[in-house]
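Undergrad: sequence-free structure coming up:
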C-alpha cells in the first residue's frame, strides 16, 4: 500500500492527512505525459470538468471555452437559468446520458452509485456506444471536452467508453456548497455534506494524479491569472493567450466573503470531511494554513502564529487580510457615494415638500370659496328635488301603464313567434318530403331501367319486338358507345354480363365474362362469393385484363357482393360512371382517373 503523509496547518494545530495512493491510482496506466502534449498539440485527450454541484464548475467551463476548449454548439448547451444566469455550459446530450447511466446503476446525481459497482458490465454497452457517437460529434481537431458534475460519479464509465481523458476537478469549501444546495434544492446539511464527501472521494478514487488537476474556486478570485496559467499548462493549451481578457470575461467580480477551515470547525463538520477538504486544497495548491516548507519536509508550526496564518496566508503567500481591507475600503467608498446621493435626494424631497405646502395653502382658500358656492347650489338642488319628486310620481303611474301594455305586446309577440316556428317546421317537413320523393323516383327509375335491361336480355331471343327487348337493344348500343368513348381500342376488358352475352360485343376490344364459377364456365351470380370474386379479379388482372365494365343491369348483383364492391372502390380507379348505363374500373395501377 502506497501511503502519502501530509502535514497541514489549520486552526486546530498541525494535522496529518494520510492518503491511500494505491487506491487512488487503481486501474490507471501512465499514458501520454503533459510534456508530450506540449510537443504534440494534436494529441490532446478529452477534458472532463468535474466537481460537486455548486462548486464553480460552470465558471471554469466558461473559462476553458474562452481558452479554446470545444464544448459543443451553442444550441446543444443548457440555457441559463435564475440559479446560474451566466450559463451552465453543459452539453444536454452528455447530461442526459449521465442521468441514464446513473439510473442504470440504480442511482442518481443526488444518490451516488454504491461502491464497487461493475462499470464494465455488458449491460452498459449500449450507453458506451452512445458515448462514442456523442464524442464523435465534438472531435473537430481542436481540444474538446464536456462539463457535468455528474461525471464525478461516472468516471469509470466514460473511461471504459472513450479511453483516457484529462479531468479538471473544481473544489469549493464544503460549507459554501452545503449552504448553496440548501438554498437551491432545500437539502439538509447532512445530505449536502454527504454528497460533497462522496463526490470528492469518487474523483480521487477514479482519476489518477497525472491526468487530473484539482483547482480551488477561491483561487480564481485571489490570483486568477496564475490559476488560469496553471490550467492552460496542465491541458497543454496556448500559453500566449491574454490572461487578463480571459479573467475579465469568465471570472466574476471579487468575492466579498469566503469560508475557511475554521468555519468548518465552528460548524462541527466531521474530521473526515475536513481532512478530505485539506487534501484537495493541498493538491490544488490552495493552503488554508501555512504553506509547506520549501524542501517539502514537515516542520513544527509555531502555535502563536497559527490563527494569523490560517487567515492571512493563501495561495502564493497572498496577504488575505490586505485583500479584505481593500475590499472594505471599496465598500466604504461605495457607501459614502451612496450616502451623498441619499442626502442630495433628501434635500430635493424637502424642496418638493415646501412647494407642496404652498400649493396646499392655495388650495385651502379655493376650497373655502367652493364651499360657499356649494351652499347656494344645495338650496337650488332642494327645490329641484321637490319638483323631481312630483314628476317621479307621475312617471311611476305612466310606468305602470307602460308595463301593462308591454306585457300585452310580449304575449302577442310570443303567439306570433310560435306561429312562425310552426310555419317554418311545416316548410322544412315539406322540403324533406319532396327531396325524399325525388330520390325515390330517381332510384325507382334506375331500378326500372335495370329490370328492363335484364328482362330485355331474356326476351330479345323470344320476343324481339317486345318493349323490354327494344329497350335492351337501345341499352346495349348505349353501353357500346359508352365503352368507345372511354376505353382505347384493343383494351382487354372484363364484363359483368349478368348472363347477357350481348354485353360482350364491344367492337375491337377483346372481352371476357366476369365472374366464372369454373374454368370457361360463366357463373350464374349465385355460386361465386365476394372473396372468390375478388381473388378471381386479381388473377384475371395478372393475366392481362385492363378494365372491368359493370353494365347497369349488373349493379343489383354487385350490391349483393359488398366485399367485391368495396374492393373495386378502394383499390381501382373509376374511369367513367353514367347512371342507367354502367361503370368502368381501371384494373391496371398505371391508369389515371378520367372524369365521367
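TA: It's in. Values in this document were obtained by computation on a predicted structure and should not be read as measured data.
Undergrad: outside of stretch 475-492, which residues touch it?
TA: For stretch 475-492, contacts defined as Cβ atoms under 8 Å, 6 or more residues apart in numbering pick out 449, 452-453, 456, 493, 502-503, 505-512, 544-547, 549, 551-553, 575-576, 578, 580-582, 584, 594. In this view, the C-beta of every residue, glycine as well, is placed from N, C-alpha and C.
Undergrad: Pull up the per-residue confidence for residue 86.
TA: Confidence at residue 86, expressed as pLDDT, is 86.
Undergrad: Now do the phi/psi pair for it.
TA: Main-chain dihedrals, residue 86, degrees, to the nearest 10: phi -80, psi -10.
Undergrad: ditto for the one 4 residues further on
TA: Dihedral angles phi and psi of residue 90 (degrees, to the nearest 10) take the values phi -110, psi 130.
Undergrad: And the nearest residue to it once chain neighbours are set aside, how far from residue 505?
TA: Leaving out its chain neighbours, the residue that sits closest to residue 90 by Cβ to Cβ, 6 or more residues apart in numbering is residue 78, at 4.5 Å. Using Cβ to Cβ, to the nearest Å, residue 78 is found at 79 Å from residue 505.
Undergrad: which residue sits closest to residue 536 in space, ignoring its chain neighbours?
TA: Distances taken as Cβ to Cβ, 6+ apart put residue 515 closest to residue 536, at 5.1 Å, once the chain neighbours are dropped.
Undergrad: hmm, back to that, so between residue 78 and residue 505, which is more surrounded?
TA: Remark: of residue 78 and residue 505, residue 78 carries more neighbours, 17 against 12, as counted by other Cβ atoms under 10 Å.
Undergrad: coming back round to it: hmm, residue 531 and the residue nearest to residue 536 touching each other?
TA: No - between residue 515 and residue 531 there is no contact under Cβ atoms under 8 Å: 11.5 Å.
Undergrad: Who has more neighbours out of the two?
TA: residue 515 (22 against 12).
Undergrad: And the more buried one, how far from residue 286?
TA: From residue 515 to residue 286 the distance is 94 Å (Cβ to Cβ).
Undergrad: Repeat that for residue 267.
TA: 20 Å.
Undergrad: same check, this time on residue 359
TA: For residue 359 relative to residue 286 (Cβ to Cβ), the value is 64 Å.
Undergrad: Then residue 96?
TA: Residue 96 sits 33 Å away from residue 286 when distances are taken as Cβ to Cβ.
Undergrad: Please say which of the two ends up with more neighbours.
TA: Higher neighbour count among residue 96 and residue 286: residue 286, with 22 against 13, using other Cβ under 10 Å.
Undergrad: Domain map for the protein?
TA: As given by automatic domain parsing, the domain ranges for the chain are 3-318, 319-425, 477-586.
Undergrad: Rounded mean pLDDT for the second one, please.
TA: Domain 319-425 shows an average pLDDT of 86 in the prediction.
Undergrad: From here on, call the first residue 96.
TA: Noted, 96 is the first residue going forward, which turns the last one into domain 414-520.
Undergrad: what's stretch 280-298 in contact with?
TA: Residues contacting stretch 280-298 (Cβ under 8 Å, 6+ apart): 145-148, 205, 207, 244, 247-248, 250, 262, 264, 266, 269, 272-273, 276-277, 307, 364-365, 367-368, 371-372, 375.
Undergrad: buried subset of the residues you listed?
TA: Burial by neighbour count, 16 or more other Cβ atoms under 10 Å: within the contacts of stretch 280-298 this picks out 145-148, 207, 244, 247-248, 250, 262, 264, 266, 269, 272-273, 276, 307, 364, 368, 371-372, 375.
Undergrad: Sketch out the strands for the stretch 296-445 of the chain, chain order is fine.
TA: 307-311 (DSSP state E, counting those that start in this stretch).
Undergrad: and residue 310, what is it in contact with?
TA: By Cβ under 8 Å, 6+ apart, residue 310 lies in contact with 155, 263, 264, 265, 266, 322, 325, 326, 379.
Undergrad: any idea which helix or strand carries the fourth one?
TA: Of the helices and strands defined by DSSP states H and E, residue 265 is found in strand 261-266.
Undergrad: Relative to that strand, what are the paired strands and their orientations?
TA: strand 142-146 (parallel), strand 307-311 (parallel) (DSSP bridges).
Undergrad: Let's have those strands in CSV, adding mean pLDDT and distance to residue 335.
TA: Compiled in CSV, these are given as follows (pLDDT from 0 to 100; distance: least, Cβ to Cβ, whole Å):
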stretch, mean pLDDT, distance to residue 335
strand 142-146, 97, 20
strand 307-311, 96, 20
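Undergrad: looking at the ones you listed, which is closest to residue 520?
TA: strand 142-146 (79.6 Å; Cβ to Cβ).
Undergrad: Following the chain onward from the closest one, which element is next?
TA: Heading C-terminal from strand 142-146 (DSSP H and E), you reach helix 152-161.
Undergrad: name the helices or strands packed onto that following helix?
TA: strand 142-146, strand 240-242, strand 261-266, helix 314-317, helix 319-330, helix 338-345 (3 or more Cβ pairs under 8 Å, 6 or more residues apart in numbering; DSSP states H and E).
Undergrad: Just want the angle from the helix or strand following it to strand 142-146.
TA: Sequence order places helix 187-199 as the next helix or strand after helix 152-161, per DSSP H and E. Interaxial angle, helix 187-199 versus strand 142-146 (axes from the mean of the first three to the mean of the last three Cα atoms, to 10 degrees): 60 degrees.
Undergrad: quick one: buried residues of helix 187-199?
TA: Those would be 188, 189, 190, 192, 193, 196, 197, 199, for helix 187-199 by 16+ other Cβ under 10 Å.
Undergrad: with these in mind, which one is nearest to residue 159?
TA: residue 189 (14.8 Å).
Undergrad: which residue sits closest to the closest one in space, ignoring its chain neighbours?
TA: residue 241 (4.5 Å).
Undergrad: and that neighbour, what are its bridge partners?
TA: residue 143.
Undergrad: quick one: pLDDT of it?
TA: On pLDDT, residue 241 comes in at 97.
Undergrad: can I assume it is in contact with residue 144?
TA: Yes - look at residue 241 against residue 144 with Cβ under 8 Å: they come within range, at 7.3 Å.
Undergrad: what's in contact with stretch 188-204?
TA: With Cβ under 8 Å, 6+ apart, stretch 188-204 has contacts from 148, 171, 173, 208-209, 212, 218-219, 222, 225-226, 229, 241, 243-246, 248-249, 252.
Undergrad: which of the residues you listed are buried?
TA: 148, 173, 208, 212, 219, 222, 225-226, 229, 241, 243-246, 248-249, 252.
Undergrad: so of those, which ones are in helices?
TA: Members of the buried ones among the contacts of stretch 188-204 lying in helices (criterion: DSSP state H): 222, 225, 226, 229, 252.
Undergrad: Need the residue closest to the centroid of the protein.
TA: With distances taken as Cα atoms, centre = their mean, residue 187 lies nearest the centre of the chain, 11.4 Å away.
Undergrad: any idea how far residue 282 is from residue 202?
TA: 16 Å.
Undergrad: same thing with residue 173?
TA: For residue 173, the distance to residue 282 - Cβ to Cβ - is 21 Å.
Undergrad: Shouldn't residue 289 be within a strand?
TA: No - under DSSP: H, G, I helix; E, B strand; the rest coil, residue 289 sits outside any strand and is assigned helix.
Undergrad: Now do the same for it: its pLDDT.
TA: Reported pLDDT for residue 289: 93.
Undergrad: Tell me how many other residues surround it.
TA: 16.
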